[in-house]
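Student: please find the sequence and the predicted model below.
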Amino acid sequence: MMLPNKLGITDPVTLAHEEERISKVAALRMYQDGTLEALVPGKLETLVAIHERLFGDLYDFAGRVRTVNLAKGSFRFAPALYLAQALRAVEAMPQHTFGQIVEKYVEMNVAHPFREGNGRSGRIWLDHMMRAELGKTVDWSAISRDDYLFAMERSPVRDTELKALLAGALSDALDDATLLSRGIDASYAYEGYAAYRAEEL
């Protein structure tokens, strides 16, 4: 489906490339310019700010909680009618331990607050909690696309696989620019965006 966009692009391939380029630059800058450090980890408003920063130059719906129902295959995300209630419940979940942070991330993914871009913004939101609460960052390049997608698909019922993958991908190299760029590329590749390398943007 072709999304209406602020750039007036009508070709879906061109739009996908511009979305990747613009939002990857925004993701890198959030880590580099102190934007993330100024946000409160685990809050909905933080996820909203991340989403708006990634996609605000592209889409009017950036940073806006969806008002329509969403599904992926046979899985239906939280109904729009109950989304506000679901988001309040997720925000109130504890985030003091690794397990709690992953569980909160899983529930936010089930809520799926945005029309598009939930995965990319959600992974930054998760990493922000890991950094703030545990002093760790997620090296997404250490997790294969297939393993991640399978674990996420199962996570609403059983989050064991996801916890194992994330535990094995944690690093204390919070300021490593190469790790950050490599991780952003991997996170985007999960969604099929792999036309650009972050370190070259």
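Tutor: Great, that's in hand.

Student: chain center to the single longest helix found in the chain: distance?
Tutor: Using DSSP state H, we find that the single longest helix of the chain is helix 12-32. Centroid displacement of helix 12-32 relative to its chain, using C-alpha atoms, centre = their mean, to the nearest Å, is 13 Å.

Student: for the closest residue to R29 other than its chain neighbours, give its distance to Y193.
Tutor: Distances taken as C-beta to C-beta, 6 or more residues apart in numbering put T35 closest to R29, at 7.2 Å, once the chain neighbours are dropped. Using the backbone N, CA and C atoms, a C-beta is placed for each residue, glycine as well. Distance of T35 to Y193, computed by C-beta to C-beta, to the nearest Å: 21 Å.

Student: same deal with M129?
Tutor: M129 is 23 Å from Y193, where distance means C-beta to C-beta.

Student: these two: which is more packed in?
Tutor: The residue with more neighbours, out of M129 and Y193, is M129; 23 against 18, by other C-beta atoms under 10 Å.

Student: just checking, that one touches T97?
Tutor: No: M129 sits out of contact with T97 when judged by C-beta atoms under 8 Å, with a separation of 10.8 Å.

Student: any idea how far the residue nearest to R29 lies from Y196?
Tutor: Distance of T35 to Y196, computed by C-beta to C-beta: 21 Å.

Student: G56 too?
Tutor: Using C-beta to C-beta, G56 is found at 19 Å from Y196.

Student: show the contacting residues for A177.
Tutor: Going by C-beta atoms under 8 Å, 6 or more residues apart in numbering, A177 touches E199.

Student: hang on, I meant I101
Tutor: G42, Q95, L126, M129, M130, E133, L134.

Student: the fifth one - that's part of a helix, no?
Tutor: Read that as M130. Yes: counting by DSSP: H, G, I helix; E, B strand; the rest coil, M130 is located in a helix.

Student: look up the pLDDT of it for me, please.
Tutor: Turning to M130, the model gives it a pLDDT of 98.

Student: how many neighbouring residues does it have?
Tutor: Counted with other C-beta under 10 Å, residues neighbouring M130 total 22.

Student: got a list of what S141 touches?
Tutor: Under the criterion of C-beta under 8 Å, 6+ apart, the neighbours of S141 are L179, R182, G183, D185, A186.

Student: so who does the residue nearest to the third one when sequence neighbours are not counted touch?
Tutor: For G183, the nearest residue in space outside its immediate sequence neighbours is W140; the separation is 4.2 Å by C-beta to C-beta, 6+ apart. Under the criterion of C-beta under 8 Å, 6+ apart, the contact partners of W140 comprise R123, Y148, A169, R182, G183, I184, A186, S187, Y190.
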